[in-house]
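Undergrad: need a 3D model of the sequence below.
(chains A and B)
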Number of protein chains: 2
Amino acid sequence: MLSKKSAGIKSSAVRELLKFSKIPGVISLAGGIPATDLIDVEGIDTVLKDILSREHRGLFQYSVTEGEEHLREQLSRWNSGHNLNVDAESIIITNGSQQAIDLLSRVFLEKGDKVFVERPTYLAALQIFGYTDATVVELEYDSEGIELNLLEKEMAAGGVKMVYLTPNFANPTGNTISYEQRVKIAKLSQQYQVVIIEDDPYGHLRFSGDPVPSIFSVAQSLFGKNHNVCYMSSFSKIFSPGLRLGWLAVPEHFHMATVVAKQALDLHTSTLNQSIAAHYIESGRINERVEILKATYKDRRDYLIGSLHEYSGGDITWNTPDGGMFLWCHLAEGIDASQLLQECIKENVVFVPGEVFFARDPQKNSLRLSYSMLTAETAREAVIRISRALKKIK
Amino acid sequence: MLSKKSAGIKSSAVRELLKFSKIPGVISLAGGIPATDLIDVEGIDTVLKDILSREHRGLFQYSVTEGEEHLREQLSRWNSGHNLNVDAESIIITNGSQQAIDLLSRVFLEKGDKVFVERPTYLAALQIFGYTDATVVELEYDSEGIELNLLEKEMAAGGVKMVYLTPNFANPTGNTISYEQRVKIAKLSQQYQVVIIEDDPYGHLRFSGDPVPSIFSVAQSLFGKNHNVCYMSSFSKIFSPGLRLGWLAVPEHFHMATVVAKQALDLHTSTLNQSIAAHYIESGRINERVEILKATYKDRRDYLIGSLHEYSGGDITWNTPDGGMFLWCHLAEGIDASQLLQECIKENVVFVPGEVFFARDPQKNSLRLSYSMLTAETAREAVIRISRALKKIK
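TA: From the prediction side, this is the model:
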């Protein structure tokens, strides 16, 4: 009785691996989840007690679909100090940034449309596009970055409706799109009237290199308010995933249709949780927390890279990202990372095989290692175990 | 650039009318919103302080897609004392029950499918089905209830994929589906393999008459675990809409696909808010609160009916519901409720014209009056103002 599309969509391998990571003794490099020990529980509690001490009856009633004005204003002010110049009226609050992808796919995609994505790309975006009538096409990276020449050719030929991009420390590759490519993307989007989705959950977690302006800001400065770039980010990696809060900034001509889609989907996002986030930004705590996260994740990245240098015996290669949570790795050609995972489960260590991040023709020898939860000790032990498992299947 | 479907879906008239209801001096009979003064803020605060006093770091981390076990268990236990016999494993927690409709439309509907709905029906369900490729067909009520003979004929002819029903004190009509019809619906669903969506946000708010078992429970007792009825309800009308919490119970053979859809849409519902609801049920406060709501809404319904008797001069007729929040009313044939609304806005009183609840050929002389926010005084004043406006357009 299921629809054909629904029957074709599998549960995320990342979510399925979560159950292994909860077994005592298992070291998990699987989840794209922020370190539990770094969640600022004390800070959230303080903010919550402050909220409860004021008049707060309204937080439990229905609210506006676009999101609480207080939160949208705080986000506008806070982001303007970083790489996003956006006014509060352009922001729509969502249940994590993942819902924002779904909203936009609802607003724009229909039969015959093509959605271009990086190859490989964020797994949940592939899941969401799987529920639409659009066709997913993958864009390779070369030494210059994304193959924009191919993209331009396809745009000129027509049928490209949307390009979904993860500009900073992408999941899974760790790639960052250069400023030059962002300008080019913004211009192509305007010339060919193609929607760009800029999904940026990791942008605040840069450890090295210079920040790059968002494609949204580039397009806005080039073309004013009615450009075609939709930007989204999340509180999940820098504050609290459990509160399910993301934000979406859309140009003016897309705003009404996006709000109506959010209204139809679930009316609005939790008012209480929005208030917690607004007060947390306003208190300045978020900036302190982001600094702690950046320093810690940089250390954890370096623990993992150091251990790979020391213990993997050249059997694993990796990209070094400037931020975020992931090392994108490869085994020798012909070695299957899914088969390695099966051996690794026996060794009490798990990761995500890279194949799940491809729309088609997966690189079977790729894997994603998340370092967000590691210590120097567990990083070392994880790599030793993976290398031991690798020896068994080579 | 919008998709054709998206361009065709309007913002909900109910949401648009909210802005009028916030103007001082305006009496609103428009919103389907619970009375703000009846939200148990003290109870929620007590529960929240209790949660914060225990180990609660996990509430801010990612959680499982189907919802917190604690909440699902409490819901199973609590509902079994009412009209729903469902185990915790069959429950999926959603962002309000509206998201549950969207989830199921994603899981089941595809091109060529027909969805049958009551005529008139819940506005947001019509919005959600508007994003799908299915065709909406309306079922009239006659003196026996819904015209099930027509439905059966259509099922036998094929193409009916889903029937969306609001069994108790429906929005907008206040109708309740009889036990005999529920049994018939459960049987038809099994015989013709058609999905039933039983949307029951008001079921706990019965003031008069005997409770009727849910179609879900009827189907389960007749056909065991693999029947075809999906039940959903919400915390929005009995606890707090601002927390955005609903629950969905699906038979076993639909469970996996529904969880995967929830995972793709937004991973999971706020862990903190789920914990608040679980503790609120466990504390027993929810039963006390429901009793208060029932007594108060009954009074408010009777204030409104009393005022209509006294002041409407026979120009408005209505259904008297056994529960819920709405009077479904009609003006004389030929009088347009939308035109009346325009006059009423000048008189500082608003309601929802009935036409928005029809998929096609609306009854232009129908209107929905919500009594949830009224007092004896505002009910009287509202009806006096509506009657005055009505005289101007007659």
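Undergrad: what comes up buried for the strand or helix carrying A:Glu291?
TA: In the assignment (DSSP states H and E), A:Glu291 maps to helix A:285-311. In terms of neighbour count (16 or more other Cβ atoms under 10 Å in any protein chain shown), helix A:285-311 has its buried residues at A:285-286, A:289-290, A:293-294, A:297-301, A:303-305, A:307-308, A:311. For glycine as for every other residue, the C-beta is placed from the backbone atoms N, C-alpha and C.
Undergrad: cool, and stretch A:146-160?
TA: A:146-148, A:151-152, A:154-155, A:160.
Undergrad: so of the residues you listed, which ones are in strands?
TA: In strands, defined here by DSSP state E, the members of the buried residues of stretch A:146-160 are A:146, A:160.
Undergrad: show me which of the buried residues of stretch A:146-160 neighbour chain B.
TA: Near chain B, judged by Cβ under 8 Å from any Cβ of the partner chain, there are no entries from these.
Undergrad: export the buried residues of stretch A:146-160 to JSON lines and tack on distance to A:Ala100 and pLDDT?
TA: Listed next are the buried residues of stretch A:146-160 as JSON lines, based on distance: Cβ to Cβ, whole Å; pLDDT from 0 to 100:
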{"residue": "A:Ile146", "distance to A:Ala100": "21", "pLDDT": "95"}
{"residue": "A:Glu147", "distance to A:Ala100": "26", "pLDDT": "94"}
{"residue": "A:Leu148", "distance to A:Ala100": "24", "pLDDT": "96"}
{"residue": "A:Leu151", "distance to A:Ala100": "22", "pLDDT": "96"}
{"residue": "A:Glu152", "distance to A:Ala100": "26", "pLDDT": "97"}
{"residue": "A:Glu154", "distance to A:Ala100": "24", "pLDDT": "96"}
{"residue": "A:Met155", "distance to A:Ala100": "23", "pLDDT": "97"}
{"residue": "A:Val160", "distance to A:Ala100": "20", "pLDDT": "96"}
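Undergrad: closest one of the buried residues of stretch A:146-160 to A:Phe60?
TA: Closest approach to A:Phe60 among these (Cβ to Cβ): A:Val160, at 44.4 Å.
Undergrad: that closest one reaches A:Leu151, doesn't it?
TA: Yes. Contact criterion Cβ atoms under 8 Å: A:Val160 and A:Leu151 qualify, at 7.5 Å.
Undergrad: low pLDDT regions in the stretch 51-200 of chain A?
TA: Judged by pLDDT under 70, the stretch 51-200 of chain A has no weakly predicted residues.
Undergrad: residue nearest the centroid of chain A?
TA: With distances taken as Cα atoms, centre = their mean, A:Pro201 lies nearest the centre of chain A, 4.5 Å away.
Undergrad: test my guess that it contacts A:Ser236.
TA: Yes. Using Cβ under 8 Å, A:Pro201 is in contact with A:Ser236, at 6.5 Å.
Undergrad: which residues do these two both contact?
TA: A:97, A:246 (Cβ atoms under 8 Å, 6 or more residues apart in numbering or on different chains).
Undergrad: pLDDT of the stretch of helix or strand A:Asn273 belongs to, averaged?
TA: Per DSSP H and E, A:Asn273 falls inside helix A:271-282. Summarised as a single mean, pLDDT over helix A:271-282 is 98.
Undergrad: if we can go back for a sec, distance from the chain centre to the helix holding A:Glu291, please.
TA: 18 Å (Cα atoms, centre = their mean, to the nearest Å).
Undergrad: so where do the helices sit in the stretch 201-350 of chain A?
TA: Taking DSSP state H, counting those that start in this stretch as the test, the helices found in the stretch 201-350 of chain A are A:215-223, A:252-266, A:271-282, A:285-311, A:337-346.
Undergrad: got the buried residues for the shortest one?
TA: The neighbour-count criterion (16+ other Cβ under 10 Å) identifies A:215-220, A:223 as the buried residues of helix A:215-223.
Undergrad: tell me the one of those residues nearest A:Arg244?
TA: When the buried residues of helix A:215-223 are compared for distance to A:Arg244 (Cβ to Cβ), A:Phe216 wins out at 22.5 Å.
Undergrad: can you pull the contacts of that closest one?
TA: Listed by Cβ under 8 Å, 6+ apart, the contact set of A:Phe216 reads A:84, A:86, A:198, A:227, A:229-231, A:249.
Undergrad: do A:Thr317 as well
TA: Contacts of A:Thr317 by Cβ under 8 Å, 6+ apart are A:329-330.
Undergrad: any idea how far chain B is from it?
TA: Plainly put, A:Thr317 is 29 Å away from chain B if you go by Cβ to the nearest Cβ, to the nearest Å.
Undergrad: just to revisit the earlier point, what comes into contact with the helix holding A:Asn273?
TA: Contacts of helix A:271-282 (Cβ under 8 Å, 6+ apart): A:43-44, A:47-48, A:50-51, A:56, A:58-61, A:63, A:67-68, A:70-71, A:73-75, A:77-78, A:93, A:235, A:239, A:243-245, A:286, B:242-244, B:270, B:272-273.
Undergrad: go on, stretch A:371-385?
TA: Residues contacting stretch A:371-385 (Cβ under 8 Å, 6+ apart): A:27-29, A:31-36, A:297, A:300-301, A:303-304, A:306-308, A:310-312, A:325-327, A:344, A:347-349.
Undergrad: show me which of the residues you listed neighbour chain B.
TA: Contacts with chain B within these, counted by Cβ under 8 Å from any Cβ: A:31, A:33-34, A:36.
Undergrad: out of the residues you listed, give me the one that has the most neighbours.
TA: Sorting those by how many neighbours each has (other Cβ atoms under 10 Å in any protein chain shown) puts A:Pro34 first, at 23 neighbours.
Undergrad: who's in contact with that residue?
TA: Counting by Cβ under 8 Å, 6+ apart, A:Pro34 touches A:236-238, A:241, A:293, A:325, A:372, B:61.
Undergrad: most neighbours among the residues you listed, which one?
TA: The residue in the contacts of A:Pro34 with the most neighbours, by other Cβ under 10 Å, is A:Met325 (28 neighbours).
Undergrad: SS state for the closest residue in space to that residue that isn't next to it in sequence?
TA: Distance criterion Cβ to Cβ, 6 or more residues apart in numbering or on different chains; nearest residue to A:Met325, sequence neighbours excluded, is A:Ser372 at 4.4 Å. Counting by DSSP: H, G, I helix; E, B strand; the rest coil, the backbone at A:Ser372 sits in coil.
Undergrad: related to what we said a few turns ago, which residues do A:Val160 and A:Leu151 both contact?
TA: Joint contacts of A:Val160 and A:Leu151 (Cβ under 8 Å, 6+ apart) are A:Phe116.
Undergrad: hmm, back to that, and the contacts of A:Pro34 as TSV, adding distance to A:Ala170?
TA: Formatted as TSV, these follow (distance: Cβ to Cβ, whole Å):
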residue	distance to A:Ala170
A:Ser236	16
A:Lys237	13
A:Ile238	17
A:Pro241	19
A:Leu293	18
A:Met325	11
A:Ser372	15
B:Gln61	23
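Undergrad: tilt between the helix holding A:Asn273 and helix B:271-282?
TA: 140 degrees (axes from the mean of the first three to the mean of the last three Cα atoms, to 10 degrees).
Undergrad: now do helix A:271-282: distance to the chain's middle.
TA: 21 Å.
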